[in-house]
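Novice: I would like the atomic coordinates for the input below:
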Amino acid sequence: MGHSHHHHHHHPTTGGRNLLISIVLNILITIAQAVGGFLSGSLSLLSDALHNLSDVLSLVISYIANVLTRREPSTSKTFGYKRAEIIAAFVNSASLIVIAVFLIIEAVERFLEPQSIDSGIVIWLSLLGILANGFSVLLIRKDSGKNMNMRSAYLHLLTDMMASVAVLAGGILMYYFNWFWIDPALTIAIALYLIYMGYDLLRSATRVLMLFSPDHIRVQEIVGSISALDAVKNVHHVHLWQLNEDSIHLEAHIDFHSDILLSEFEVILSEIERKMLRDYGINHLSIQPEFGKCDSKQIIAQH
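Specialist: Okay, the predicted model is just below:
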């Protein structure tokens, strides 16, 4: 069986220390906003605290993933810890949606029975959230272009800051106009945004964990591309999946027109590798060459 892969080495991110600082800051904000939410009776402040908590988890996941992906594979863990990030993303996004639904139910109840809110606490704690998240955004910004982990951490912190700005605006309106309905309205808006973000992440993580083919690659196109080679009779038993965000795997059986030499197969395999990497970003191939073998020639078939 021909087997090939192109390594993408993971180097320690220079933003590791900045991530740790952001984690500590966000834990402090979360505690302060949660306590303030209970004391003031503000549901939007509590929802912002939960939003911050979800982002603490995301930042921790980003940090752990950076550490784990540098660990070498072993005989008992041949893929290493490459899927740790995906599993964590699945759990994180699922819990995010559950929290958001809970917030919407609470907000609807608050609409039906409006409550007086200590808007002073809401204003000061949302200001704290803006300052701390703003500082974290500046810390992470430089490293956000280096890898997907840091980019997602940066976006989470940026949305946190925007949510705190919304809560501040709500606090000011409650303070000057006693518009207490603003609080549950903001809560629903933040919760719907969490569902939107959470669903997209949950869907992506589920696709990877279930070994679904990547969205942007069509199996029929790959089969057509390989079948266009003169020596190839057909391509069957195809499996296409993502190990993680950086690694796309292709496994296939290739039936040849003639009983070619192993050295000839190696030349053809090298050409397939180049095509797959260049055209589809597939960086790990396992090809089984066949000649005159009586097996199913279906493109997608169970072994």
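Novice: what distance separates the start and the end of stretch 224-233?
Specialist: One end of stretch 224-233 to the other measures 11 Å (Cα to Cα, to the nearest Å).
Novice: what residues does that stretch touch?
Specialist: Residues from elsewhere that reach stretch 224-233 (Cβ atoms under 8 Å, 6 or more residues apart in numbering): 234-235, 252, 254-258, 260, 264, 268, 271-272, 275-276, 279. Glycine gets a C-beta too; all of them are placed from N, C-alpha and C.
Novice: Please point out which parts of it sit buried.
Specialist: 226, 232 (16 or more other Cβ atoms under 10 Å).
Novice: Helices of the stretch 101-250 of the chain, start to end?
Specialist: Assigned by DSSP state H, counting those that start in this stretch, the helices in the stretch 101-250 of the chain fall at 119-141, 148-177, 182-209, 219-227.
Novice: For the ones you listed, which has the smallest mean pLDDT value?
Specialist: Note on these: lowest mean pLDDT is at helix 148-177, with a mean of 82.
Novice: which strands and helices sit next to that one?
Specialist: On a contact count with 3 or more Cβ pairs under 8 Å, 6 or more residues apart in numbering; DSSP states H and E, helix 148-177 meets helix 16-40, helix 43-68, helix 119-141, helix 182-209.
Novice: Which members of the contacts of stretch 224-233 are classed as buried?
Specialist: Applying 16+ other Cβ under 10 Å to the contacts of stretch 224-233 flags 235, 252, 254, 255, 256, 268, 272, 275, 276 as buried.
Novice: out of these, which are inside helices?
Specialist: 268, 272, 275, 276 (DSSP state H).
Novice: Return the residues in contact with the third one.
Specialist: It refers to residue 275. So residue 275 contacts 225, 226 (Cβ under 8 Å, 6+ apart).
Novice: what's the spacing between it and residue 294?
Specialist: 28 Å (Cβ to Cβ, to the nearest Å).
Novice: likewise residue 122?
Specialist: 73 Å.
Novice: Looking at these two, which is more packed in?
Specialist: residue 122 (27 against 6; other Cβ atoms under 10 Å).
Novice: ok, residue 42 touching residue 117?
Specialist: Yes. Residue 42 is within contact range of residue 117, at 5.0 Å (criterion: Cβ atoms under 8 Å).
Novice: coming back round to it: which two in the contacts of stretch 224-233 are spaced the farthest apart?
Specialist: 258 and 279 (26.1 Å; Cβ to Cβ).
Novice: Please name the residues that touch the residue lying closest to residue 136 once chain neighbours are set aside.
Specialist: Distances taken as Cβ to Cβ, 6 or more residues apart in numbering place residue 22 nearest to residue 136, at 4.0 Å, with adjacent residues excluded. Contact analysis of residue 22 by Cβ under 8 Å, 6+ apart lists 59, 136, 139, 140, 153, 157.
Novice: Could you do residue 90 as well?
Specialist: Counting by Cβ under 8 Å, 6+ apart, residue 90 touches 202, 205, 206, 209.
Novice: and those residues, which are buried?
Specialist: With burial judged by 16+ other Cβ under 10 Å, the buried subset of the contacts of residue 90 is 202, 205.
Novice: Of the contacts of residue 22, which is the nearest to residue 298?
Specialist: Using Cβ to Cβ, the contacts of residue 22 come closest to residue 298 at residue 153, 43.2 Å.
Novice: Can you tell me the number of residues neighbouring the closest one?
Specialist: Neighbour number of residue 153 under other Cβ under 10 Å is 29.
Novice: Can we start the residue count at 2 from this point?
Specialist: Okay, using 2 as the starting number, the last item reads as residue 154.
Novice: so what's it up against?
Specialist: For residue 154, the contact set (Cβ under 8 Å, 6+ apart) comprises 20, 23, 59, 60, 63, 141, 145.
Novice: Out of those, flag the one nearest to residue 244.
Specialist: Looking across these and measuring by Cβ to Cβ, the closest to residue 244 is residue 63, at 18.5 Å.
Novice: Walk me through the domains of the protein.
Specialist: The chain breaks down into these domains under automatic domain parsing: 9-210, 220-291.
Novice: Can I get these in CSV including distance to residue 301?
Specialist: What follows is the domains of the chain, written out as CSV (distance: least, Cβ to Cβ, whole Å):
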stretch, distance to residue 301
domain 9-210, 17
domain 220-291, 6
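Novice: if you compare those domains, which one is most tucked away?
Specialist: With neighbours defined as mean count of other Cβ atoms under 10 Å, the domains of the chain peak in mean count at domain 9-210, which reaches a mean of 19.
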